[in-house]
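> quick one: sequence and predicted model below, then my questions.
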Amino acid sequence: MKFVIQRVSEASVTVDHQIVGAINSGFLVLIGISNEDTRAVADKMVSKMTQLRIFEDQDGKTNLSLNDVSGSLLLISQFTLYADCKKGNRPSFIKAGKPDHANELFEYIVSECHNKIKTVETGIFAADMKVSMINDGPFTIVLDSDEICS
């Protein structure tokens, strides 16, 4: 499982010219799921993400978490995080989770985030989405379950 976490001052996702999810200060998270991922892996990734202390405190140090700053989440499923570009110029996506498995696990991640964070917005699984954001910092972190869960 891979999470690309971007600290944002605002972010939104549009499908068919309609905003389906939008947040102010918080994290825009692109989520890639493989066939090997499980709910146990998701639990560890969600826990790590929601507890990251990457917001500035009164002294300008990154000591505060999403809950400390009443931040929000915008979660976007993105199978392209599992692109394999080793051969040729056209990426292969065979390492990405099959749609049924990935959607079920994505929905589980969303529900677990609702248990930890007040405002959680999402895109639409497998839709053609247009994502906009203002990266605050810029601050981007990649969490990979191969590193977090080993």
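Great, that's in hand.

> in this protein, which residue is most central in space?
What sits nearest the mean C-alpha location of the chain, by CA atoms, centre = their mean, is Val29, with 2.3 Å.

> mind listing the strands for the protein?
When secondary structure is read from DSSP state E, the chain shows strands at 2-15, 18-23, 26-32, 55-56, 62-64, 72-77, 120-122, 129-144.

> picking that back up, show me the beta-bridge partners of the residue nearest to the centre of the chain.
Ile5, Leu75 (DSSP bridges).

> against Gln18, how distant is it?
21 Å (CB to CB, to the nearest Å). The way it works is simple: take the backbone N, C-alpha and C, and place the C-beta from them, glycine included.

> which non-adjacent residue is nearest Leu28?
Spatially, and ignoring its direct neighbours in sequence, Leu28 is nearest to Ala11 (4.1 Å; CB to CB, 6 or more residues apart in numbering).

> ok, the one you found to Leu30 distance?
Separation of Ala11 from Leu30 (CB to CB): 11 Å.

> returning to that earlier point: can you count the residues close to the residue nearest to Leu28?
Other residues near Ala11 number 26, with proximity taken as other CB atoms under 10 Å.
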